[in-house]
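A.B. asks: pasted the sequence and its predicted model underneath.
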Amino acid sequence: MSLFVAVCASCVLPAAPVPVDGGTLIIPKPGGSEKVACSAQNGEIRFPFNPAKPGYAEVVLPRPLLLGSFRSARAAAKVRVPAGSPVRSMSLRLIDRNDEVFQYVSKADLSEGGEFEVVWEVKPDEFQLSWGGDANRVFDMPGRILGFAFDFAGGAPASDLTLLGLDVDVEAPPVLELPGDKAVYPLYRLNRDELFRHRGGSGTITLEENGLLLDGIRNELVLGERRNEIVYLPGRPVSLIFDAEHLGGEITAFAVLRDAKNTQFVSPEARLDRDGSPLVLDLGETLAEAVLPVRMDTLFFRNAASGPGALRLKSASLRTVQPLVEALDFGIVTDTPVRVLRKGNEDALALQFTNRSEKAGDFTVTLAYEHFDGTRFVEEVSASLAPGRTFTVKPRRRPDRLGHWQVTATVREAGSPGQAAEKSRSFALLEPAGPTEGRAPGFLFSICTHTQWWSPGEQEKEVLAAALCGAKVIRDSVEWYTLQPAADRWNFAPMDALVEAYGKVGIELQAMLAFTARWAAPEKLQNAQNWLEWSRCKPDSAAWRNYAATVFARYRDKIRFWEVWNEPDLVGFNRMSLDEYVELQKIAFEEARKVSPELKLLTGGYATLTPHQGLKSPDFQRDNLVKAKGFYDIHAYHEHGSFPAYVRLLDEKFLPMRAGAGITVPWYANETAIHSLGGTERKQAYTLFKKLLFAWSRGAIGYTWYDLRNDGFDPKNAEHNYGMLDNEFYPKPVYSVYNMLAGLFREAQFRRQLEIGNGSWAFEFAVPGGILIPAWNESGATRTLPVTGAADSAFVIDAMGNRSALPVTDGMVLFEFGQAPVTLFLPGATRAEVGQELLAVKADGFAVPGKPFPVRVRLRNPLNSKRTFSLKAESLPEGFTVDRAGKQVSVNARGETEAGFRLTARRGDRPQAGDRRLKLSYALSGTPWKGTVEIPIQVAVPVSAKKGAPDFVLDSRSQVHSLTGADPALLHRAWSGPEDLSGKIRLENRDGAFVLKADVTDDRHIQPCPAEEAWNGDSVQFAFALPGQAGFWEFCLSLSDSGEAVLTVPRAPRGYDPAQAAAAGTVKIVRKGTTTGYEFRIPDRAVGLTPELYRQGFRFNLLINDNDGEGRDGWIQIAPGIGDEKNPGKFPFVIFE
């Protein structure tokens, strides 16, 4: 049989046949339907049926056949029926983008028998019936052919209908010429940096020097390219243009794209001519309703000839609508392809600009070079560029600071002087920490990546990037189902290549045994539609044993660390029972010991000890550790997230759990990081510094950052933002931090944690050349600590690796650090002792607008003679004044005294919650000790008696705490923006009562939980701590799915009854559209509030929980201290006017 769907830009093309294999005949019957699979025989498909009673039958094609967008279509089915056929009509069934089925009916008298042509004239809005999908009775393009149906009369003998051919001619929408300047970008570069994949159909794909050869196409070949499937296309795409050589067959093509909402769009189909003219796929009308940006999905190449078809793609371009000023492409070139500029090769740095517009332009570009520490310089360049031309810029000033540099180009064009476009790229100036020969000498500096996912060229870049920054272990592997695609067939090539590539640069793999091969799964799961059903289940034990034994033996001397599964505590990765997983561990351990005692087996890296929604059970990790004891050498543990949360989980849960379970094997932090969503790259960089050293201090044998490179470009997808480099190999600040740590601490030995208080962290490490003391202060205040033990020199090294000499006085060095972590290096030292702080600053309490706020400074003189401190307020928080700018304070030998300043916040200001920074310079006479300390000033939030603007606004990613974002299986539940969850909060003191109003935007309201667990559903939790009370108040407001407004009081200060408080309070909750309005009121006397306390102020905090139907996804909060921990010391301070 033959089927063809032909489309051109504005006309109808004659159809040509395309083979189709068969279809499924469905005949409705009482109690169910009879289904008959019918295959093509000699180009015909026979559908038998028994018309004992009147009825109908459906024919469903093996897969819906894409038509694309069309204005009208003509379908003609050639059929053969026997004489006396009871068939009375035939219907063509199409399906739209949203899976709604549309039926077009053609009456037919086939009773005489023979061959007939049944014709349907199809117009999208002139259908007879529709059902299913979104049921809006609107044909949402693109369309697909689902199959057809036929009605028949009853009382006839057994009959049949044979389909001989089905031709469909499609009239495409007219070409929509979009207004505006046009630009042309490469779509595919057809080189080793691209990984073309066979996504369906028949034929082969071969990348050659002169293009991409597509050969042996029968029916169709579906082509994908790994990276282009995640790259957002610039501007509003107009067309795709392919320079393709016709090599055989009757070739047509169309493209499938997806927009920002992941909606699928299909281009019209176009024919590849034999004359060498470009193949153009028009996108203007197709993408008219697309939400920008869009990205490529797949390309379909169809062959209508009876023999195989072939073509060679020689180039592929995107034509798009883009203003000339935005069409200047910007890139950075260094002496490495991963934008690492090696120290000494600064002259290799260059900036490249290419005019992608179809118009010439006179461009002026302002270039701002900014280092991670704020060092900045600006240059300006100009160039006149014809379309497609490139110019290269060498910076006039060489970068002189190690670490991360961001270059922002602000582009202007003479023809549009009022317009500007801004683009930013990065590079890292480094003294590379690697590559180094041999295995890691001690602590394992490790990175997780997915090298084998990518093209050969990108794989080489990943290996180079990992080597340059000093990684010694890479956590990457090839899944079982790829290594052993069948029980009797092995494919070691990808794993061999991975081992060899990293081995050449002195990096060993931490490999993994996972996931279940389809053929090794239980037979009932092998054909499951969801691949996770078979890949995450328990495999056949004998097959697992053979797999483990084979890979252990093959890589015996090359891979020593083997992890058994990934995150087995999460349902998304593990669908086995605890006993089934333990069996796998036992088998793997037995086989490893047979091969070599040098092989080290890790438990699967457990994901988390938080109340994660995807956990198999809260105690799975502990239970598995106990039950599998003796079947692993290393305890692997992940835990993504912030440093404060990591500290709590390790010290309060993880280490006590190990002790309680009697686990003494070493542990390995083999996947832990934080993403950089919402512009948090600085936080990401510092988190690596802190978590790695903290894990080391708690006994970890290694630390694996996740991951080397961003997995994509989606600014709202955490998985696309964990990398040390972005997907295009531009480094992020965290890459420079990793390089510094791997180089400086490579041979370090942890000695001890230094107890220096005040929210500060410091550790002592011994290295062959002396002592290292990394330190930082979580509160943000600058610490000034004298350290003894220095010999003749000392250095402070920042997070980027820049080294500054510190003066040594009487064998003492002054170590200054704050929120930004730094490392003190004492060359030749064998011991180090930390003295009392030189300047101990106290700024307790909260600054209230219009009232004085004292800042006290405790001054200590560690020397043997009297000295004078010079103090000066250098930089005041906005809106603050100080009583005096500077002062001189004398301090006796080895004595101390106190000085102070008085700040006043401007009356009438309405600051948001958070701290402001005061900078205070200091100098100690007769010494080289001088510097600047930062002092965080906490500001009270005034609650105005005149209600206008909200007192608190919750709408930024920095306020979100996700319980699902680190689990790839639950990414769809991560916060996507203010329309997903946000809130405006207003407080009042009215008529002797505390009143709270919250207007919450939530796209879905789900609250199925009982009152005592309402926090698991959509709800508002808030708390306040009143001076003089022992403990604090906590309230929860929720609107149940049944419409009931519920108030609970989970916590009350000592001496108060939560039940009485709940009875005294009232709550009103109304849901309108996507907004839920909460109003809570409680008499002051019920909670101990007084007019004086309102004027004096108290601590207050609030969060909004989110549940979109699959459990608690997380919350958005004013400040920490109410969700992941209960700590009123972190609450903001409110004062009522």
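C.D. replies: Everything's here; your move. Here the structure is a predicted model, which means the values were calculated and not measured.

A.B. asks: my read: Arg46 touches Asp160, true?
C.D. replies: Yes: using C-beta atoms under 8 Å, Arg46 makes contact with Asp160 at a distance of 5.4 Å. From N, CA and C alone the C-beta is placed, and that goes for glycine too.

A.B. asks: who does the closest residue to Ser793 other than its chain neighbours form a beta bridge with?
C.D. replies: Nearest residue to Ser793 in three dimensions, chain neighbours excluded: Pro827, at 5.5 Å (C-beta to C-beta, 6 or more residues apart in numbering). Pro827 has these beta-bridge partners by DSSP bridges: Gly770.

A.B. asks: so what's the closest residue to Lys261 other than its chain neighbours up against?
C.D. replies: Nearest non-adjacent residue to Lys261, counting by C-beta to C-beta, 6+ apart: Val291, 5.1 Å away. Each residue near Val291 by C-beta atoms under 8 Å, 6 or more residues apart in numbering is listed here: Asp259, Ala260, Lys261, Thr263.

A.B. asks: so what's the residue count around the first one?
C.D. replies: Asp259: 17 surrounding residues under other C-beta atoms under 10 Å.

A.B. asks: hang on, isn't it packed against Ala288?
C.D. replies: No: with contact defined as C-beta under 8 Å, Asp259 does not reach Ala288; the gap is 11.1 Å.

A.B. asks: what backbone torsions are found at Lys919?
C.D. replies: phi -110, psi 130 (degrees, to the nearest 10).

A.B. asks: how about it: what's its closest non-neighbour residue?
C.D. replies: Spatially, and ignoring its direct neighbours in sequence, Lys919 is nearest to Ser875 (3.8 Å; C-beta to C-beta, 6+ apart).

A.B. asks: pLDDT wise, what is the one you found at?
C.D. replies: On the pLDDT scale, Ser875 is placed at 87.

A.B. asks: quick check: it vs Ala843, distance?
C.D. replies: Counting by C-beta to C-beta, to the nearest Å, the gap from Ser875 to Ala843 is 14 Å.

A.B. asks: pick out whichever of the two has more residues nearby.
C.D. replies: Neighbour tally, Ser875 and Ala843, criterion other C-beta under 10 Å: the higher count belongs to Ala843, 20 against 12.

A.B. asks: list the contacts for the more buried one?
C.D. replies: Ala781, Phe853, Pro854, Val855, Arg856, Leu918, Ile935, Pro936, Ile937, Gln938.

A.B. asks: again with Gly983
C.D. replies: With C-beta under 8 Å, 6+ apart, Gly983 has these contacts: Val953, Leu954, Asp955, Ala998, Asp999, Val1000, Thr1001, Val1020, Ile1104, Ile1116.

A.B. asks: just the buried members of those residues?
C.D. replies: Leu954, Ala998, Val1000, Thr1001, Val1020, Ile1104, Ile1116 (16 or more other C-beta atoms under 10 Å).

A.B. asks: quick check: the fifth one vs Leu233, distance?
C.D. replies: Shown here: Val1020 relative to Leu233, a distance of 41 Å by C-beta to C-beta.

A.B. asks: what do you get for the last one?
C.D. replies: When C-beta to C-beta is the yardstick, Ile1116 and Leu233 sit 32 Å from each other.

A.B. asks: picking that back up, surely the residue nearest to Lys919 and Arg916 touch.
C.D. replies: No: taking contacts as C-beta under 8 Å, Ser875 lies outside contact range of Arg916: 10.4 Å.

A.B. asks: related to what we said a few turns ago, what's the spacing between the residue nearest to Lys919 and Lys627?
C.D. replies: In terms of C-beta to C-beta, Ser875 sits 58 Å off from Lys627.

A.B. asks: Leu92 too?
C.D. replies: 60 Å.

A.B. asks: try Gly845
C.D. replies: 52 Å.

A.B. asks: same check, this time on Pro417
C.D. replies: Pro417 is 72 Å from Lys627, by C-beta to C-beta.

A.B. asks: ok, these two, which is more surrounded?
C.D. replies: Comparing Pro417 with Lys627 by other C-beta under 10 Å, the one with more neighbours is Lys627, at 15 against 10.

A.B. asks: next up, phi/psi of that one, please.
C.D. replies: Torsion angles, degrees, to the nearest 10, at Lys627: phi -70, psi -30.

A.B. asks: ok, it touching Tyr581?
C.D. replies: No: look at Lys627 against Tyr581 with C-beta under 8 Å: they stay out of range, at 9.0 Å.
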